[in-house]
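A.B. asks: Provided below are the primary sequence and the corresponding predicted coordinates.
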Amino acid sequence: QVQLVESGGGLVQAGGSLTLSCAFSGDIFSKYAMGWFRQVPGREREFVAGVSWRGDTTDYGDSVKGRFTISRDNNKHTVDLHMSNVKPDDTAVYYCTADFTIATMKSPGFIDSPSFWGQGTQVTVSG
């Protein structure tokens, strides 16, 4: 069973940077595309970024393009989300997920499907 554990959340000032990390276990890491979503209370979970199993393809939500970078280490079985020039609107709980393709993660209904999710890590942007 795939297990995902996020870390790195916290309080950051607007304009600053923060890096989230997700540790993967329970299956062959390189079988999966990896992604990050975020959620604020009362709103649907939102796609933030995805990276293909090989790491050569990435995709980003419109609100984070040019500011966030996703990367993975297939030796360490981790996926990172480097957040720069953060804004108060980036405040959310950030979740790591795994699936076979980025396209699947972005498809309607994915967030309600029995997918693999971490427990989430809170990011709060002040200012």
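C.D. replies: Cool, got the structure.
A.B. asks: ok, which stretches of this structure are strands?
C.D. replies: For the chain, applying DSSP state E gives strands covering 3-7, 10-13, 18-25, 33-39, 46-51, 58-60, 68-73, 78-83, 92-99, 116-117, 121-126.
A.B. asks: highest mean neighbour count out of the ones you listed?
C.D. replies: When you average the neighbours per residue for each of those (mean count of other Cβ atoms under 10 Å), strand 33-39 leads with a mean of 25. Where C-beta positions appear, they are placed from N, C-alpha and C, glycine not excepted.
A.B. asks: who does that one touch, helix- and strand-wise?
C.D. replies: Counting contacts by 3 or more Cβ pairs under 8 Å, 6 or more residues apart in numbering; DSSP states H and E, strand 33-39 is packed against strand 18-25, strand 46-51, strand 68-73, strand 78-83, strand 92-99, helix 102-106.
A.B. asks: tell me what the residue most central in space within the chain is bridged to.
C.D. replies: Ranked by distance to the mean C-alpha position of the chain (Cα atoms, centre = their mean), the top residue is Trp36 at 1.6 Å. Trp36 has the following beta-bridge partners by DSSP bridges: Ala49, Cys96.
A.B. asks: dump the residue contacts of Lys106.
C.D. replies: Residues near Lys106 by Cβ atoms under 8 Å, 6 or more residues apart in numbering: 47, 50, 59.
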